[in-house]
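> Return atomic coordinates for the entry below.
(2 chains)
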Number of protein chains: 2
Amino acid sequence: MPRIHFQQQLAELKDKILAMAALAQQAVQSSVEAYLQRDAALCLYVRENETAINTAQRALDEMAYELLAKEQPMAIDLRFILAVIKMNADLERIGDQSMSIAIRTRDVIELEEVELPVDFSAMGEYASRMIRTALQALLDGDAQVADTVRLMDDEIDRMNRKAQADLLELIQRKPQQTPQALNALLISRNLERIADHATNIATDVIFWIRGADVRHTLSLASD
Amino acid sequence: MPRIHFQQQLAELKDKILAMAALAQQAVQSSVEAYLQRDAALCLYVRENETAINTAQRALDEMAYELLAKEQPMAIDLRFILAVIKMNADLERIGDQSMSIAIRTRDVIELEEVELPVDFSAMGEYASRMIRTALQALLDGDAQVADTVRLMDDEIDRMNRKAQADLLELIQRKPQQTPQALNALLISRNLERIADHATNIATDVIFWIRGADVRHTLSLASD
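Got it, this is the predicted structure:
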């Protein structure tokens, strides 16, 4: 009976990390949308969403701590709970990065609108896909899916480097557009950071699964 | 007897996180030094140091997991171990940020040396002091010291914003120095990120101490 209760709590923990991931993805998409559409109302939404993320993070952390304190989770469950605590921190920081984009967008809206040589929509979608894939890896306990996230990170690094080079070229060609180009440079960097956090999540999934496997093998050997 | 053994292991965990913090501080100082002195050999050192940090991080994580799996730490010890796991991740990312500075420095060395309107030495020392103070807060279990780190973060944010504004102004005044200015802009941002990680560590210390206090109060109430 206590074990059944424990499994229910683990399932609840999974639901909570999913809800947290949904908030984080929402933050990424809304902040990029706000920047592209120069939408001040959407910037405000991202800031409110960030408060919700912080609250959700604390609640999830507390629940994970309670589980560790009151139950004595076995190795595989222990690693899962620890992976959730780490992911939770990464998702919260994805919220922070999205808020940075929203705050910067408030500055951008004051500036003249110019054409920029960066496909932010593609970058935002790509980063968002990385978060989604990392979460899928968690839900399915699939280290191979998690590995694909780590490969995706190379692509967004490439996008970010290309954005930097193209924006540098723009600044030299049209110095009067320097403020817009610098804001774009930093937003590209925020998106690259968001992708890094998704990669951290994927790494935690791999650590959880492979670590559990190792322990499983060891316990078989000692039987 | 097992409790004494447990306390010894906790002390060892504390030693390990201190060693990890020393590596991270070393990385920050060396990367800023490499950038300021245009020292390619020091860049290489930062990269090797980063490998050492990654190895230390994994060893520390494993030790923390073992402690959680084999012992049944009481609430205050449990929170301490979880705080150490989170700090460990932040210290590893401080190593990553330092390596970004070292990699960028390799590009900078190829460019003509120019005078830049940013005091990187001050920023680097400030970020390093934040790491040191956050660790002190952990060692002393002092939430007030941890709070000062959070205040220090405002100052480095201010330094970073000033660097951005001054570099923007430089680009507009001397467009031919744009590559150097952009590299400086991104290095300033790396230092601001390093300070963020120190702030995360401080937040974890507060969470550990205050959380433990709350539990203590609760257990007194139920006695």
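> use CA for all of it now, contacts and neighbours both
Fine.
> show me what contacts A:Ala11?
Going by C-alpha atoms under 8 Å, 6 or more residues apart in numbering or on different chains, A:Ala11 touches no other residue.
> Check the gap between the residue lying closest to A:Leu167 once chain neighbours are set aside and B:Thr51 for me.
In space, not counting the residues next to it along the chain, A:Leu167 is nearest to A:Ala181; the distance is 5.8 Å by C-alpha to C-alpha, 6 or more residues apart in numbering or on different chains. A:Ala181 sits 35 Å away from B:Thr51, taking C-alpha to C-alpha, to the nearest Å as the criterion.
> Of those two, give the one with the bigger neighbour count.
Per other C-alpha atoms under 10 Å in any protein chain shown, whichever of A:Ala181 and B:Thr51 has more neighbours is A:Ala181, with 26 against 14.
> On the three-state scheme, the more buried one is what?
The local conformation at A:Ala181, judged by DSSP: H, G, I helix; E, B strand; the rest coil, is helix.
> A:Ile109 reaches A:Arg38, doesn't it?
Yes. Contact between A:Ile109 and A:Arg38 holds when scored by C-alpha atoms under 8 Å: they sit 5.6 Å apart.
> ok now do the residue nearest to A:Leu167, which residues does it touch?
Going by C-alpha under 8 Å, 6+ apart, the list of residues near A:Ala181 reads A:Leu116, A:Leu167, A:Leu168, A:Leu170, A:Ile171.
> ok, it to A:Ser30 distance?
When C-alpha to C-alpha is the yardstick, A:Ala181 and A:Ser30 sit 21 Å from each other.
> now A:Asn88
With distances defined as C-alpha to C-alpha, the gap from A:Asn88 to A:Ser30 amounts to 20 Å.
> As a check, name the ranges of all helices in chain A.
Under the criterion DSSP state H, chain A carries helices at the ranges A:2-37, A:40-70, A:75-110, A:120-140, A:143-173, A:178-222.
> returning to that earlier point: return a PyMOL selection command for the buried portion of the contacts of A:Ala181.
Applied in PyMOL, the following selects the buried portion of those according to 16 or more other C-alpha atoms under 10 Å in any protein chain shown:
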select buried, chain A and resi 167+168+170+171
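> now the contacts of A:Ala181 in TSV, with distance to A:Ala102 and pLDDT?
What follows is these, written out as TSV (distance: C-alpha to C-alpha, whole Å; pLDDT from 0 to 100):
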residue	distance to A:Ala102	pLDDT
A:Leu116	18	96
A:Leu167	20	94
A:Leu168	23	89
A:Leu170	23	93
A:Ile171	23	90
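> would you turn the contacts of A:Ala181 into CSV with distance to A:Asp154?
Conversion of those to CSV gives the following (distance: C-alpha to C-alpha, whole Å):
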residue, distance to A:Asp154
A:Leu116, 23
A:Leu167, 20
A:Leu168, 21
A:Leu170, 24
A:Ile171, 26
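> rewinding a little: now the weakest link among the helices of chain A, please, by mean pLDDT.
With a mean of 78, helix A:178-222 has the lowest mean pLDDT of those.
> still on that earlier bit, so which of the contacts of A:Ala181 comes closest to A:Ile209?
Nearest to A:Ile209 among the contacts of A:Ala181 is A:Leu167, at 40.9 Å by C-alpha to C-alpha.
> Please name the nearest non-neighbouring residue to A:Leu23.
With sequence-adjacent residues excluded and distances taken as C-alpha to C-alpha, 6+ apart, A:Leu23 is closest to A:Ile53, at 6.5 Å.
> Show the contacting residues for the one you found.
Contacts here follow C-alpha under 8 Å, 6+ apart; on that basis A:Ile53 touches A:Met20, A:Leu23, A:Ala24, A:Glu92, A:Gly95.
> does A:Asn183 really touch A:Arg106, like I thought?
No. No contact is recorded between A:Asn183 and A:Arg106 when judged using C-alpha under 8 Å, the distance being 10.7 Å.
> Next, the contact list for A:Gln180, please.
Contacts for A:Gln180 were tallied using C-alpha under 8 Å, 6+ apart; they are A:Val108, A:Leu111, A:Val114.
> Please report how far it lies from B:Met130.
32 Å.
> Equivalent analysis for A:Gln26, please.
Counting by C-alpha to C-alpha, the gap from A:Gln26 to B:Met130 is 32 Å.
> Likewise for A:Ala102?
Summarising the geometry, the distance separating A:Ala102 from B:Met130, computed by C-alpha to C-alpha, is 27 Å.
> what do you get for A:Asp96?
Separation of A:Asp96 from B:Met130 (C-alpha to C-alpha): 20 Å.
> wait, what's in contact with A:Ala146?
Contacts for A:Ala146 (C-alpha under 8 Å, 6+ apart) come out as A:Thr133, A:Ala134, A:Ala137, A:Leu138, A:Ala202, A:Thr203, A:Val205, A:Ile206.
> Nearest to chain B among the residues you listed?
Nearest to chain B, judged by C-alpha to the nearest C-alpha, of the contacts of A:Ala146 is A:Thr203 at 11.7 Å.
> So for that closest one, what's the nearest residue that isn't a sequence neighbour?
Sequence neighbours aside, A:Ala146 is the residue nearest to A:Thr203 in space, at 7.0 Å (criterion: C-alpha to C-alpha, 6+ apart).
> what does chain A put close to chain B?
A:65, A:69, A:72-75, A:78-79, A:86, A:168, A:171-172, A:175-176, A:178-179, A:182 (C-alpha under 8 Å from any C-alpha of the partner chain).
> before we move on, the earlier item: in terms of neighbours, single out the busier of A:Gln26 and B:Met130.
Using other C-alpha under 10 Å, the more surrounded residue of A:Gln26 and B:Met130 is B:Met130, with 29 against 16.
> hang on, isn't the more buried one packed against B:Ala198?
Yes. At 5.9 Å, B:Met130 and B:Ala198 qualify as touching, with contact defined as C-alpha under 8 Å.
> Touching both of those two, which residues are there?
Jointly contacting B:Met130 and B:Ala198 under the rule C-alpha under 8 Å, 6+ apart are B:Val149.
> what about A:Gly45, neighbour count?
Residue A:45: Tyr, not Gly. Summarising burial for A:Tyr45: neighbours were counted as other C-alpha under 10 Å, giving 16.
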